[in-house]
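S.K.: all I have is the shape, not the residue letters:
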């Protein structure tokens, strides 16, 4: 269906006249009876009139170039995945190689983080201002029987009012038993500002759903690693679950707006309000309970966790062009996390309740400064109500000159536990708990330098009372094999974890060749194997670029090499939609090599890739998680086509 729609759209607009860097805007076009010529008044819209604006009002422009960074971003997430290791099928989760990618929020989150890998949060939504209607089409083939299509269109009905609609759909069968992915992501976006910018409003609505068949991984890893027929046909490999499915759905309604009290003077008081209503549910169903997950209350499993929240932030700020902006605000965070059942003990007392709900109020202040080449902010917030919640966030950015940019950040957070650590109910008896954990304490320091010679960053994070899911295995016989019963429960590490990462990137160019390099070093100091990451992760791309046919065609082709050292990688538990810590199986120490050919004609870009082409001759010990193999060699192609009319 997506492929047919894509072909129809391409056919319809294939004759569109687009000029790189500028677009014709036709006004006053008349075609009257009796006239042989039309009257036109043409103006030119430059590319900087097509703006992409973040929630924090950082602005970039539509970029239709073909670079190595665009090659890295041609994937389901549509961003650079360095530090993420995808599971076999498109639309599944990702194992995290770079812990520095973790984002923190002091408020309690829903949980089920592995299922949120492609979930678009508030900060992932962008707003637009465009001179003419702008359409972006993204298509990519998947592993088997399906496709990914991400289509968006945005237009300004006037200079002040913009609308955008986008939908990303995915369906991929996969090559293993019970591995189908079927995901959808709808975004409706609007932004408005008055001509004097006295009032500014951004709003969006999202409807997201992620459905995955869950097979629990392969039972016998030795058959996969043999590389022999018939097991190179992946459907021949036995899996733990043949009838399990997980679903995450979420709807969000978001508004963020500002109003300046003074009509003419920009140095005045600004009122700010942000509203966010979101509801979600996570569902795990299984027609027949599996002994792999221990004893169960019923012969079939149906777990459904529901969640909704209402968030309001109200603030007043004084802005001054010379001294910056000082804002004071209050937050109201009201949530309800619940099930439609309770669990009682033998004495008739409730041991597992059906819900957690609370209202959290905080106060805070933020100072922001942006003048010339210096940009910085200081945020301090604390709870008004009884919950112990606090956040200090300091950041600074200084552009020394056109070649050197320096960034620093410090964050000190007292974070409330995510809700699925505290309460969970399941048809499996071991997967029921009600806990009262301490807050997590996070201290993080970051520094980054971007120069024309090198891009480098350092992060040092201290974690106390860190929450994680453990691997409480119990061995038993399943299908005439001794396998581990997978019992996963939440734990809190009482000690201190010290995490250090150093990342560096550099591209070398000679003639029409380039070598792009990124290397990550990570070190963890801890008494137990709780936070596990590879010590070294690297990506190196050697590629060739050139123009052909009087520069009408631009080609890039090359090979990407990726590698990470072996470590105790987290495993995945589909019942919880979470990764859990294990110290029995190491994975890594295998190369991932891709060959690509990319082409660009005007605003049309074609991406052709032979993924993991070395899989057949470097050994079959490549895994995304201990029970989940990484992808075999496959050929993929993708298209990005932008239209400015």
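M.R.: That came through fine. These numbers were taken from a predicted model, which means no experiment stands behind them.

S.K.: just for the chain, where's the confidence low?
M.R.: By pLDDT under 70, the low-scoring segments of the chain are 1-43, 473-483.

S.K.: residue 472: how many residues sit nearby?
M.R.: 15 (other C-beta atoms under 10 Å). The C-beta positions use only the backbone N, C-alpha and C, and glycine is treated the same way.

S.K.: helix, strand or coil: sort out the residue lying closest to it once chain neighbours are set aside for me.
M.R.: With C-beta to C-beta, 6 or more residues apart in numbering as the criterion, residue 472 has its nearest non-adjacent residue at 4.1 Å, and that residue is residue 487. Using DSSP: H, G, I helix; E, B strand; the rest coil, the structure places residue 487 in coil.

S.K.: buried residues in the host helix or strand of residue 182, which are they?
M.R.: Under the criterion of DSSP states H and E, residue 182 resides in strand 181-193. For strand 181-193, burial by neighbour count (16 or more other C-beta atoms under 10 Å) applies to 181-183, 185, 187, 189-193.

S.K.: show me the helices in the stretch 201-350 of the chain, by range?
M.R.: 221-226 (DSSP state H, counting those that start in this stretch).

S.K.: that one: strands as residue ranges?
M.R.: Counting by DSSP state E, counting those that start in this stretch, one finds strands in the stretch 201-350 of the chain at the ranges 244-260, 269-286, 301-320, 324-338, 343-344, 350-352.

S.K.: neighbouring strands - and their directions - for the longest one?
M.R.: Paired with strand 301-320 in the same sheet, following DSSP bridges, are strand 269-286 (antiparallel), strand 324-338 (antiparallel).

S.K.: ok, now the last one?
M.R.: Using DSSP bridges, the strands paired with strand 350-352 in its sheet are strand 343-344 (antiparallel).

S.K.: just give me the neighbour total for residue 221.
M.R.: 17.

S.K.: sorry, slip of the keys, the one I care about is residue 435.
M.R.: The number of residues packed near residue 435 is 14, by other C-beta under 10 Å.

S.K.: so it sits against residue 490, correct?
M.R.: Yes - taking contacts as C-beta atoms under 8 Å, residue 435 lies within contact range of residue 490: 6.4 Å.

S.K.: okay, and the common contacts of those two?
M.R.: Counting by C-beta atoms under 8 Å, 6 or more residues apart in numbering, the contacts common to residue 435 and residue 490 are residue 421.

S.K.: my read is residue 508 is in a strand, agree?
M.R.: Yes - checked against three-state DSSP, residue 508 lies within a strand.

S.K.: OK, contacts around it?
M.R.: The contact partners of residue 508, by C-beta under 8 Å, 6+ apart, come to 514-515, 517.

S.K.: by neighbour count, which of the residues you listed wins?
M.R.: Neighbour counts for these, by other C-beta under 10 Å, peak at residue 514, which reaches 18 neighbours.

S.K.: might one say that it is in contact with residue 543?
M.R.: Yes - with contact defined as C-beta under 8 Å, residue 514 reaches residue 543; the gap is 5.7 Å.

S.K.: overlap in contacts, the two.
M.R.: Here residue 514 and residue 543 share the contacting residues residue 68, scored by C-beta under 8 Å, 6+ apart.

S.K.: what about residue 65, neighbour count?
M.R.: Counted with other C-beta under 10 Å, the neighbours of residue 65 add up to 10.

S.K.: could I get the strands paired with strand 301-320 in CSV, plus columns for mean neighbour count and distance to residue 169?
M.R.: Output for the strands paired with strand 301-320, formatted as CSV (neighbours: other C-beta atoms under 10 Å; distance: least, C-beta to C-beta, whole Å):
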stretch, mean neighbour count, distance to residue 169
strand 269-286, 18, 19
strand 324-338, 18, 29
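
S.K.: who touches stretch 440-456?
M.R.: With contact meaning C-beta under 8 Å, 6+ apart, stretch 440-456 is reached by 104, 403-415, 417, 457-467, 502-506.

S.K.: next step: the residues you listed restricted to helices.
M.R.: When the contacts of stretch 440-456 are checked against helices (DSSP state H), there are no matches.

S.K.: filter these to the buried ones?
M.R.: Buried members of those, counted by 16+ other C-beta under 10 Å: 405, 407-409, 411-415, 417, 457-459, 461, 463-467, 503, 505.

S.K.: what's the closest of the buried residues of strand 181-193 to residue 60?
M.R.: Residue 60 lies nearest to residue 191 out of these, by C-beta to C-beta, at 15.0 Å.

S.K.: measure the nearest residue to that closest one once chain neighbours are set aside to residue 163 for me?
M.R.: Nearest residue to residue 191, sequence neighbours excluded (C-beta to C-beta, 6+ apart): residue 127, at 4.3 Å. The spacing between residue 127 and residue 163, counted by C-beta to C-beta, to the nearest Å, is 10 Å.

S.K.: so what sits against both of these two?
M.R.: residue 189.

S.K.: what about those two, which has more around it?
M.R.: Neighbour tally, residue 127 and residue 163, criterion other C-beta under 10 Å: the higher count belongs to residue 127, 23 against 16.

S.K.: now do the contacts for the more buried one.
M.R.: Contact criterion C-beta under 8 Å, 6+ apart gives 52-55, 162, 164, 189, 191, 202, 204 as the residues in contact with residue 127.

S.K.: next, format those as a markdown table and append distance to residue 590.
M.R.: Below are those laid out as a markdown table (distance: C-beta to C-beta, whole Å):
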| residue | distance to residue 590 |
| --- | --- |
| 52 | 37 |
| 53 | 41 |
| 54 | 37 |
| 55 | 39 |
| 162 | 47 |
| 164 | 41 |
| 189 | 41 |
| 191 | 46 |
| 202 | 44 |
| 204 | 41 |
